[in-house]
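Participant: Sequence plus predicted model, see below.
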Amino acid sequence: MLTRFEERKCFSGIKIATGGPSISHLFFVDDNLIFCKAKILKATHLKSCLNSYAKASRQLINFDKFAISFSPNSRYSDKAAICSVFGVNQVQSHELYLGLPTFSMKNKRIQFGYIRDRVIMKLQGWKERTFSQGGKEVLLKAMEQSIPTYTMSYFILPDSLVKDLEAACAWFWWGNSLDHKKVLWKKWTDLCRPKS
């Protein structure tokens with residue numbers, strides 16, 4: 001339905017590169033990303049397309065979960081009018097979508113800092129308990145290695161962030177805390193070698 005509306009020039013998607021195809025929408029399971037120019041007429045046509053879909057499919061569109069963000073080049077008056085067409089507020093940016101950052105920042109350490117924060121938070125929650133070395137190994141492999149894996153399948157993490165993650169794991173392994181530091185009996189790189 002969106003494609004038909006786009007073919008009729010009711011609204012147009014965005015082009016990522018000059019001469020490239022126009023992208024008007026992306027669908028993920030039960031989420032949709034719709035791209036169009038920030039013009040009041042285009043927004044009205046898009047709203048009519050969504051209403052037509054709702055009527056044809058007998059499914060309501062939940063405008064409570066609806067969010068609009070604009071290019072920095074959009075005029076303020078157009079932004080306000082388009083938000084009123086849909087009856088929603090503007091968001092500055094969608095920081096995470098499906099667990100991944102939607103916008104790329106220059107400082108990757110800050111952008112992916114949420115991974116470090118999650119790992120440290122989990123490890124600190126476990127520090128209060130007493131684990132055997134085998135239990136610590138299982139926890140590190142199951143949790144610490146799984147948290148960044150999804151993001152790492154799409155992005156290359158900065159070396160400084162990887163070192164922070166390794167340091168957090170080493171502190172947990174040797175039983176250190178912020179107020180009590182124990183002796184590190186072996187280098188962390190030696191511990192990370194394969195068992196074979």
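Facilitator: Perfect, thanks for sending it.
Participant: any idea of the pLDDT on Ser160?
Facilitator: In this model, Ser160 is scored at 91, pLDDT.
Participant: helix or strand for it, which one?
Facilitator: helix 159-174 (DSSP states H and E).
Participant: Tell me the first helix or strand C-terminal of the lowest-mean-pLDDT helix or strand in the chain.
Facilitator: The weakest-scoring helix or strand in the chain, judged by mean pLDDT, DSSP states H and E, is strand 96-97 (a mean of 68). The helix or strand immediately downstream of strand 96-97 is strand 100-101, counting by DSSP H and E.
Participant: For the following helix or strand past that following strand, name the packing helices and strands.
Facilitator: Using DSSP H and E, the helix or strand that directly follows strand 100-101 along the chain is helix 108-111. Helix 108-111 is packed against helix 159-174, with contacts defined by 3 or more C-beta pairs under 8 Å, 6 or more residues apart in numbering; DSSP states H and E. No exception for glycine: its C-beta is placed from N, CA and C like everyone else's.
Participant: Which parts of the helix it packs on count as buried, going by neighbours?
Facilitator: Using 16 or more other C-beta atoms under 10 Å as the test for burial, helix 159-174 gives 161-162, 164-165, 168-174.
Participant: How many neighbouring residues does Glu144 have?
Facilitator: 19 (other C-beta atoms under 10 Å).
Participant: Need the CA coordinates for stretch 36-50. PDB is fine.
Facilitator: Provided in PDB are the C-alpha atoms of stretch 36-50 (Å, rounded to 0.1, in the frame of the first residue of the first chain):
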ATOM      1  CA  CYS A  36       9.300  10.800   3.800                       C
ATOM      2  CA  LYS A  37      10.000  14.500   3.100                       C
ATOM      3  CA  ALA A  38       9.000  16.900   5.800                       C
ATOM      4  CA  LYS A  39       6.200  18.600   3.900                       C
ATOM      5  CA  ILE A  40       2.700  19.100   5.300                       C
ATOM      6  CA  LEU A  41       0.900  17.800   2.200                       C
ATOM      7  CA  LYS A  42       3.200  14.600   2.100                       C
ATOM      8  CA  ALA A  43       2.400  14.000   5.800                       C
ATOM      9  CA  THR A  44      -1.300  14.300   5.100                       C
ATOM     10  CA  HIS A  45      -1.100  11.800   2.300                       C
ATOM     11  CA  LEU A  46       0.900   9.500   4.600                       C
ATOM     12  CA  LYS A  47      -1.700   9.700   7.300                       C
ATOM     13  CA  SER A  48      -4.400   8.900   4.800                       C
ATOM     14  CA  CYS A  49      -2.400   5.900   3.600                       C
ATOM     15  CA  LEU A  50      -2.100   4.700   7.200                       C
END
